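Trainee: Below: sequence and its predicted model.
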Amino acid sequence: MATTQTHSPNSAGTQVVVAPSRFKTLMSNQQFILLIVWILMVIGFSLINHIFFSVGVAENILLDWAPLVLIAVGELIVIISGGIDLSVGAIVGFTGVISAFAMRSLYEGSLAELPYLVLAIGVLVCVIVGLLVGLINSLLINYAKLVPFIATLVTLGACSGMALVFTKGAPVMGGPREAIALSPAWIGPFSRPVLIVVVIVLILWAFVHKARFGRYTFAIGSNSFAARAAGINVKRHVTKVYMLSGLMAGLAGFFFYLRLGSGAPTSGLGNELDAIAAVVIGGAALTGGVGRVSGTVLGALILTTVTSGLIISGVDPQWKRVVVAALIAIAATLQALRKTEGGAS
């Protein structure tokens, strides 16, 4: 008599694969969580004061966001490579001051009738100075064998000190008056400089996530020894990374000039900490090898939204530091939980 046997799905040799739910997938995506947090912030601050939900407030938030996201994305690339750049805030003030001196000299001289050419030269000066400081950072790291923390701390002190010495602590006035005319909103809450920043961030996103530059950066941050063994010129790539960070800080310095109409030596004061906070909130690991531009963009947007929201709500803006600290703690906890789940799976 023949017998039949039934095999249960959980019998030996049978592997059951359960597809994760779409909700669980979304909730494990830090960028999605950050977007939800930002939306809840906007709703909460709008309920406290309806003025918050207006084009004018959105315009101010974007004007604060634009220079911060430039610095933060440059910082992100450095952190992905396994380093850190503490000099970005000082570079912002230093490049803004040097550029302001150059533009004032040109505007009061032979180029008085060509204000936009003067502004273009000002951008070029910011770019060159930012690249040079980034190059100095890389030389200190690659050849003087300083750790990134110390190397960039050196340039932070040098740049901030020179900016104060050159200006005696006062803003550098006298450049093209047309600079301030560029800052008001042009399309909705977006001004021309903000739209340019959006384009720059999109280009950097492509470089980081779609190009060889990004692959090399992630490889070095994950394991520099393995990257070197794979044929990557680590020193040369680290030089590019720090020069790019300096370039982004230089562009942020010019953005501050456009908004203020002058070069202020303290315009980037504390921005290096906000940039690092945006990177960490955005899901990057300070140990290197992990990070996304989209997360950093949202992290910077959350920080600027918090600042404006607290001011409009009548809360002491110093509470921003407490909120930022809580956001960093939450972001770091989520990252640690994902690592734990990944190791347990």
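Mentor: Arrived safely.

Trainee: Tell me which helix or strand comes right after the helix or strand where residue 180 lies.
Mentor: In this assignment (DSSP states H and E), residue 180 forms part of helix 178-181. Beyond helix 178-181 on the C-terminal side, the first helix or strand identified by DSSP H and E is helix 192-209.

Trainee: Show me what that following helix packs onto, helices and strands only.
Mentor: Under the contact criterion of 3 or more CB pairs under 8 Å, 6 or more residues apart in numbering; DSSP states H and E, helix 192-209 touches helix 55-80, helix 212-222, helix 234-260, helix 293-312. No exception for glycine: its C-beta is placed from N, CA and C like everyone else's.

Trainee: got the buried residues for the third one?
Mentor: Of all the residues in helix 234-260, those buried under the rule 16 or more other CB atoms under 10 Å are 234, 237-260.

Trainee: And for stretch 115-133?
Mentor: So, applying 16+ other CB under 10 Å, buried residues of stretch 115-133: 115, 118-119, 121-123, 125-131, 133.

Trainee: Same question for stretch 260-275.
Mentor: Neighbour counts using 16+ other CB under 10 Å place 260-268, 271-272, 274-275 of stretch 260-275 among the buried residues.

Trainee: likewise stretch 183-191?
Mentor: 183, 185, 189, 190, 191.

Trainee: re earlier: flag whichever of the buried residues of stretch 115-133 scores worst on pLDDT.
Mentor: Taking pLDDT as the measure, the buried residues of stretch 115-133 have their low point at residue 115 (90).

Trainee: Correct me if wrong: that one contacts residue 182.
Mentor: No: between residue 115 and residue 182 there is no contact, the gap being 10.7 Å when judged by CB atoms under 8 Å.

Trainee: that older thread, out of the helices and strands packed on helix 192-209, flag the one nearest residue 197.
Mentor: Proximity to residue 197 (CB to CB) singles out helix 55-80 among those, at 4.2 Å.

Trainee: between that closest one and helix 293-312, how big is the angle?
Mentor: Angle, helix 55-80 to helix 293-312, by axes from the mean of the first three to the mean of the last three CA atoms, to 10 degrees: 140 degrees.

Trainee: tell me the angle the helix or strand that helix 55-80 is followed by makes with helix 234-260.
Mentor: Stepping forward along the backbone from helix 55-80, the first helix or strand reached (DSSP H and E) is helix 88-107. Angle of helix 88-107 versus helix 234-260, following the same axes, to 10 degrees, is 60 degrees.

Trainee: Residue 137 belongs to a helix?
Mentor: Yes: the assignment for residue 137 is a helix, going by DSSP: H, G, I helix; E, B strand; the rest coil.

Trainee: neighbours of it, just the number please.
Mentor: Residue 137 is surrounded by 31 other residues when neighbours are defined as other CB atoms under 10 Å.

Trainee: Might one say that it is in contact with residue 86?
Mentor: No: contact status for residue 137 versus residue 86: not in contact, 9.5 Å apart, counting by CB under 8 Å.

Trainee: Quick check: neighbours shared by the two?
Mentor: Taking CB atoms under 8 Å, 6 or more residues apart in numbering as the contact criterion, the common neighbours of residue 137 and residue 86 are residue 152.

Trainee: count of neighbours near residue 53?
Mentor: Neighbouring residues of residue 53 were enumerated by other CB under 10 Å; the total is 13.

Trainee: what sits against it?
Mentor: For residue 53, the contacting residues are 42, 46, by CB under 8 Å, 6+ apart.

Trainee: I'd like the distance between it and residue 44.
Mentor: The gap separating residue 53 from residue 44 is 11 Å, by CB to CB, to the nearest Å.
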